[in-house]
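Participant: please find the sequence and the predicted model below.
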Amino acid sequence: MPHRICTTLLLMALGSLSGGALLAESAMPRGILVLDDCDKKYEGKDKYEDHLTFVSAAGTQGFRVTGINVCESVGSHHLIAADSQRRCVWVSENVGGCIKRYDLDGKVTATIAAKGCGAIAVHPESGHVWAIVSETGDFTKSRTVVFDEKGTEIMTYAASGVDIVFSGRENAFWVVGRQLYKIFATDSFVDLSQHVTAWCGVSVDVDPQSGAVWIAAREHPNVEGSKNQLLKFDREGRQLAAVSTGVLGPFCLSVNPQDGSVWMVNFRRSLEHFSPEGKTLLQCPVPALAVQADRSGGVWAVTAKEILKLSAKGETLAKTPLAGETSQAWLGILE
């Protein structure tokens, strides 16, 4: 049975505006959600055994659920999207062909049928789920689809890509693949479509302070002109930085919301920390599959066997074993 990870806060006295009213408030748990690919099979079974695990900010494991079917992709993009306002988490099953909503005990409370679904994000105001969908498996032919909480498709955009992230500063979504798109959530307007890489931008994240976006772009041996790079664009789509990572293969990145620096996964080899200008700050020999920065200044990382909480200096603060060995992992933050 999933462990209960959310409790009701004690009533707090907030003054005597109305004769000393007491307000009750439920606290959103803080920590990391990890989606693994521990089940090596993704077809021909009645039930699949990939997992969704919650680990608290203190490093204590909460719920762990299975029955999920995901498989490897070109990067560790956003297959998990937390909705703090509705106290739930959405998970995209890129093989299972559905997007599931979990409560904070790990119970499935809704399922959206979405064949070919990939990266997802949630619009905080409406609760709508934005998903990159490709029925053919070709990211260049994908589209961005908006679902309401009942799973009804309410909008589709021609914006193709691999990853998606929401920018609260502009109430807009950034979609990246070969192109970079910005789609405003309220007026159904695609602000820009800009070429960013010869092959694929596999991971995108936004600096909540400036609104700038970082992209991890990968090289492909059969795509001329493709490069391993970290790219930074401002809110208008102007390129601010292009950092060559050489033989290092960018697989996942995450922006520190406090200072705009960025953490990058060099797949199965290391974690790299870069300044907001793209200067190397730290190289950490952790064979990471995915990374997620948090507001403490540190980061969460997942290796083939463990979930790690690390300090800003790369020191290990906590370890949680996975349910088994995984070939890839995807992260979502609860704050």
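Facilitator: Sure, I can see it.
Participant: quick one: the strands in the stretch 51-200 of the chain?
Facilitator: 61-68, 80-83, 88-93, 98-102, 108-113, 117-122, 129-133, 143-147, 153-157, 163-167, 172-176, 179-184, 189-195, 200-206 (DSSP state E, counting those that start in this stretch).
Participant: and the residue most central in space within the chain, what does it touch?
Facilitator: What sits nearest the mean C-alpha location of the chain, by C-alpha atoms, centre = their mean, is His78, with 3.1 Å. By C-beta atoms under 8 Å, 6 or more residues apart in numbering, the contact set of His78 is 119-121, 163-165, 330, 332. Placement of C-beta: from N, CA and C, glycine included.
Participant: give me that answer again for 7 Å
Facilitator: When contacts are counted by C-beta atoms under 7 Å, 6 or more residues apart in numbering, His78 touches 119-121, 163-165.
Participant: about what we covered before: ok, of the strands of the stretch 51-200 of the chain, where does mean pLDDT dip lowest?
Facilitator: Lowest mean pLDDT within those: strand 189-195, at a mean of 85.
Participant: what's that strand packed up against?
Facilitator: Judged by 3 or more C-beta pairs under 7 Å, 6 or more residues apart in numbering; DSSP states H and E, strand 189-195 is in contact with strand 179-184.
Participant: tilt between the strand it packs on and strand 189-195?
Facilitator: Per axes from the mean of the first three to the mean of the last three C-alpha atoms, to 10 degrees, the angle that strand 179-184 makes with strand 189-195 is 170 degrees.
Participant: make 52 the starting number, not 1.
Facilitator: Understood, numbering begins at 52; the last thing we discussed is strand 230-235.
Participant: would you work out how far apart the start and end of stretch 372-380 are?
Facilitator: With C-alpha to C-alpha, to the nearest Å as the measure, the first residue of stretch 372-380 is 13 Å from its last.
Participant: quick one: distance of stretch 274-292 to the chain centre.
Facilitator: Relative to its parent chain, stretch 274-292 has a centroid offset of 19 Å by C-alpha atoms, centre = their mean, to the nearest Å.
Participant: who's in contact with that stretch?
Facilitator: Stretch 274-292 is contacted from outside by 221, 231, 233, 243, 245, 247-250, 262-271, 293-297, 299-301, 313, 315, 325, 328-329, using C-beta under 7 Å, 6+ apart.
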